Each structure stands twice: as C-alpha cells, then as structure tokens.
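> Dropping the sequence and predicted coords here.
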Amino acid sequence: MKLNRKDLLGLEYLDKDEIDLILQTARPFSELFTRTVKKVPTLRGKTVVLLFYEPSTRTRTSFELAAKRLSADTLNITVASSSVVKGESLIDTVKTIEAMKADFVIIRHSMSGSAHIVANTISASIINAGDGMHEHPTQGLLDLFTIQQKKGRIKGLNVAIIGDIAHSRVARSNIWGLKKLGANVFVVGPSTLMPADVEKLGVEVHYHIDKIIPKLDVINILRIQRERQEQNLFPTLEEFSEIFGINSKKLVRAKNDLLVLHPGPMNRGVEISSEVADGKNSVITEQVTNGIAVRMAVLYLLAGGEGGAGENFDS
Ligand code: ASP
C-alpha cells in the first residue's frame, strides 16, 4: 500500500489506515537498528533540507539520522546564520530551497499553519516538525508506535495527556492519532492550560490526576511551553509541580504496567520527577529510538515507497 500524499502536515488530516500504514512501515525500519550496518539505499539521490526556526535537539537530529540511514543527502539550514536574520521571508527562503531542487523540506516554525503555507508554495514534500501550538505529527506517530510496541494495541487503552495542553502541539497530534486508533483519551491540567472546547476533540477533561490514575494504561507528560505564554497562567512552578507534576507518590495507585511517555525536553522536578523519568515504567529513551524508525517510514512513504510490515528495504 502507498501513502499517496505529498506532505505530512498533521495527524488531523490522515485517516486510520494511513496512520496504520506508517506505523507498520516503521516496524522493519526499527529492526534495522539491531544490525551493524544501519543504512539502506532507499532514498539514494534524494535531498532532504532541515529548516528549523525554533530550537530542537531530538527532532532535528532524529530526522537527519533517518534521512542518512535511508542514504539521502541532508542539508541543515541554521536560521541564526541564514538570510532570515537579514529579513528574508519564509516564502522567499523556501522558494530558494526549491530552486536548489530539494526533494523534502522538514520545517519547524513558531507560527501555527506555517507548514501548510510552505506545502502550498513549493513542490517539494513538506514534513511538519512542529508548527507553533498546532501539530507535531511525527512526535504523535512515534508516541503511537511506542505504545503499540509495548502494549500490542492502541484500541481501548486509557491514555492521559498531562500538563500544558493549551500550548502543546504534541498534545494535539496525540489526541488526533490516539482517537483515530480507538484509544480513550483524557487530558489533565490546570484550567488555564486547557484549550477552549477541547472536549469537542472527543477527550475527557480532568483537573486532577488522582481520580483517574488507577485506570490509566499510558500517561504522556508535557513540558510547560513558557515560550508560547504571554502571561503567567499559574502561580508558581512549585505549585504546578505539587498538583500536576508526576512523581512516584502520585503513581502509587497506578497499574503496574503503566507506560510513562514524555516528548522531551524534560524539566525534571517540574512536570516529572527523576524517579519517574528514569523508573521502570518510563519508555522515554525508547521513544527517541523509535522516532528515527517512524521518520524513516514517513520519508520513505512520501517518496512513493510501498509500505507495510513485510517490506524489504535493502535494495
Ligand atoms: N519537543 C516537543 C516540541 O517541540 C515538546 C516540547 O518542546 O516540549 O513540541
């Protein structure tokens, strides 16, 4: 099966079968990582440009490694040393990249909708690596992949997303993806960090974790997105941490096999304690490893590759 799409802009726009196809295609790529040679020739001759207007550690390096493991050429544009600081617009920057015949542009930008604008402007495949508060689809996909890998399914699981829901693109991509694959989704946080009408996305809203913790199969803990907040939306970090921060005391009544996810970067001692981040329930490092396989699958499928679990990508 093929994806038949030029771009990956958000999980809102994919249907269940398309999400399943990406997750299935990521599986053989993740198996590659156990080999001594982790590289396949699939995207030889293709050029992948990484255009990041916001800071990133995991996502940028993960995309770069994914492209390199598929044998594509990669080019990093560091905005701080590009013509952007001379006042060049996003449109002019991407038209310049197009003129250099890039096949993929992976973009992160603080403006929600920026990836859509770029996708409508140039013919290269665009992958949204985070657009403002809107979506971060490959993070959503790697979270789904990790849950499926550990639990064997997504359907029917009780998954809570905890913290700064309002400003989180990870929350939105997770909600779309989890709902489409049949999970029960709970969002937990202070009312000031809850988006208006979030129930309309089919989630249950809670302002305390204690009541629902015993029934949860997965928790996904979010960082407070200070960079997207114009005013103080809660009194102090200490108070936020006291009520919403996840520590081992809060997990006493949780299921033994609860999965703990965090997209990173973590603020240890704020939204998550070190005990939990490094504890037996945490799959945070697996998320990072899986992110590469999922991004390989996305690049491969957008390039027109035939997906599915049984594919052989060696030639
Ligand atoms: N790395 C994720 C993002 O770019 C989460 C975060 O920054 O808190 O949205």
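Perfect, I can see it now. Numbering: from 1, shown residues only.
> Would you mind measuring from residue 299 to the ligand?
19 Å (CB to the nearest ligand atom, to the nearest Å). Placement of C-beta: from N, CA and C, glycine included.
> Got phi/psi on that residue?
phi -60, psi -50 (degrees, to the nearest 10).
> so it touches residue 40, yeah?
No - in this structure, residue 299 is not within contact of residue 40 by CB atoms under 8 Å, at 11.4 Å.
> Return every residue with contacts to both of these two.
residue 70 (CB atoms under 8 Å, 6 or more residues apart in numbering).
> Between those two, which has more neighbouring residues?
Between residue 299 and residue 40, residue 299 has the larger neighbour count (other CB atoms under 10 Å), namely 28 against 20.
> got a pLDDT number for the residue lying farthest from the centre of the chain?
Ranked by distance from the centre of the chain (CA atoms, centre = their mean), the top residue is residue 86, with 30.7 Å. Residue 86 is assigned a predicted lDDT (pLDDT) of 82.
> do the one 3 residues further on as well
If you check residue 89, the pLDDT there is 92.
> tally of neighbours for it?
Neighbours of residue 89 (other CB under 10 Å): 10.
> How about the one 4 residues further on?
Residue 93 is flanked by 20 other residues according to other CB under 10 Å.
> Can you get me a residue count around the residue nearest to it when sequence neighbours are not counted?
Distance criterion CB to CB, 6 or more residues apart in numbering; nearest residue to residue 93, sequence neighbours excluded, is residue 84 at 6.2 Å. Applying other CB under 10 Å, we find 17 residues neighbouring residue 84.
> Could you grab the helix/strand/coil label for the residue in the stretch 151-300 of the chain positioned nearest to the ligand?
Residue nearest to the ligand within the stretch 151-300 of the chain (CB to the nearest ligand atom): residue 223, separated by 3.6 Å. Judged by DSSP: H, G, I helix; E, B strand; the rest coil, the three-state class of residue 223 is coil.
> what residues are up against it?
163, 164, 262, 263, 264, 265, 266, 267, 270, 271.
> give me the subset of those residues touching the ligand.
263, 264 (CB under 6 Å from any ligand atom).
> mind listing the helices for the stretch 201-315 of the chain?
Ranges of helices in the stretch 201-315 of the chain, per DSSP state H, counting those that start in this stretch, are 237-244, 274-277, 284-302.
> CSV for the ones you listed, including mean pLDDT?
What follows is the helices of the stretch 201-315 of the chain, written out as CSV (pLDDT from 0 to 100):
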stretch, mean pLDDT
helix 237-244, 91
helix 274-277, 98
helix 284-302, 98
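> Of all those helices, which one comes closest to residue 227?
Across the helices of the stretch 201-315 of the chain, residue 227 has its closest neighbour in helix 237-244 (14.8 Å, CB to CB).
> Which elements pack onto that closest one?
Judged by 3 or more CB pairs under 8 Å, 6 or more residues apart in numbering; DSSP states H and E, helix 237-244 is in contact with no other helix or strand.
> buried set for it?
Neighbour counts over helix 237-244 (16 or more other CB atoms under 10 Å) mark 240, 241, 244 as buried.
> before we move on, what about stretch 40-48?
Quick answer for stretch 40-48 (16+ other CB under 10 Å): 40, 42, 43, 46, 47, 48.
> This structure: strands as residue ranges?
47-52, 73-78, 104-109, 125-131, 158-162, 184-188, 204-206, 218-221, 259-261 (DSSP state E).
> Kindly report the residues of this structure close to the ligand.
130, 136, 169, 170, 223, 263, 264.
> go again using 8 Å as the cut-off
The chain comes close to the ligand at residues 54, 56, 58-59, 108, 129-130, 136, 139, 168-170, 222-223, 225, 263-265, as judged by CB under 8 Å from any ligand atom.
> Among those, name the buried ones.
For those, a burial check counting by 16+ other CB under 10 Å picks out 54, 56, 58-59, 108, 129-130, 136, 139, 168-170, 222-223, 225, 263-264.
> Deepest-packed of the helices of the stretch 201-315 of the chain, please.
By mean neighbour count, with neighbours taken as mean count of other CB atoms under 10 Å, helix 284-302 ranks first of the helices of the stretch 201-315 of the chain at a mean of 23.
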